[in-house]
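Asker: Predicted coordinates and the sequence they were generated for:
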Amino acid sequence: MLKSDVVGPICESSDFFCKDRPLPRAGEGDYLAILSAGAYGFAQASNYNTRPRAAEILVNGRRAAVARERQPVKEIWSGEKVVAWLR
């Protein structure tokens with residue numbers, strides 16, 4: 001086990017799930033399941049820093065399925081426009 005910090009992708013000093021937690025060595029392509037993710041879950045999600053809302057995965061024992069697809073970035077930008085006086 002390695003002592004590890006698990007952090008989020010938002011670039012904020014408080015964006016971490018745990019610090020100095022003993023975890024098995026992980027490699028490229030491995031997944032880490034966080035069962036209670038607060039603002040990373042859909043119920044508290046936002047588009048802060050243009051982050052798309054995460055996909056939701058339903059897990060039952062050894063079975064998993066996508067219950068909601070990840071939000072496309074194009075959807076976040078869909079209501080934006082360049083105002084005429086900036087063109």
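Answerer: Alright, I've got the coordinates. These numbers come from a predicted model, not from an experiment.
Asker: Please make it C-alpha for all contacts and neighbour counts, starting now.
Answerer: OK.
Asker: domain assignment for the protein?
Answerer: 1-31, 33-75 (automatic domain parsing).
Asker: Ends of the longest one, what's the gap?
Answerer: When you say that, I think you mean domain 33-75. 26 Å (C-alpha to C-alpha, to the nearest Å).
Asker: now swap in stretch 3-20 and tell me
Answerer: 5 Å.
Asker: That one: how far from the chain's middle?
Answerer: 12 Å (C-alpha atoms, centre = their mean, to the nearest Å).
Asker: ok, Arg53 touching Arg68?
Answerer: No - look at Arg53 against Arg68 with C-alpha atoms under 8 Å: they stay out of range, at 9.8 Å.
Asker: Comparing the two, which shows the higher neighbour count?
Answerer: Higher neighbour count among Arg53 and Arg68: Arg53, with 23 against 13, using other C-alpha atoms under 10 Å.
Asker: For Gln44, give me phi and psi.
Answerer: phi -110, psi 10 (degrees, to the nearest 10).
Asker: Run a quick neighbour tally on it.
Answerer: Applying other C-alpha under 10 Å, I find that Gln44 has 10 neighbouring residues.
Asker: Please report the distance of it from Val82.
Answerer: In terms of C-alpha to C-alpha, Gln44 sits 29 Å off from Val82.
Asker: Format the domains of the chain as CSV; extra columns: mean pLDDT and distance to Leu86.
Answerer: As requested, the domains of the chain are exported to CSV (pLDDT from 0 to 100; distance: least, C-alpha to C-alpha, whole Å):
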stretch, mean pLDDT, distance to Leu86
domain 1-31, 85, 29
domain 33-75, 84, 21
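Asker: Switch the ones you listed over to CSV; also include distance to Arg87.
Answerer: What follows is those, written out as CSV (distance: least, C-alpha to C-alpha, whole Å):
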stretch, distance to Arg87
domain 1-31, 31
domain 33-75, 21
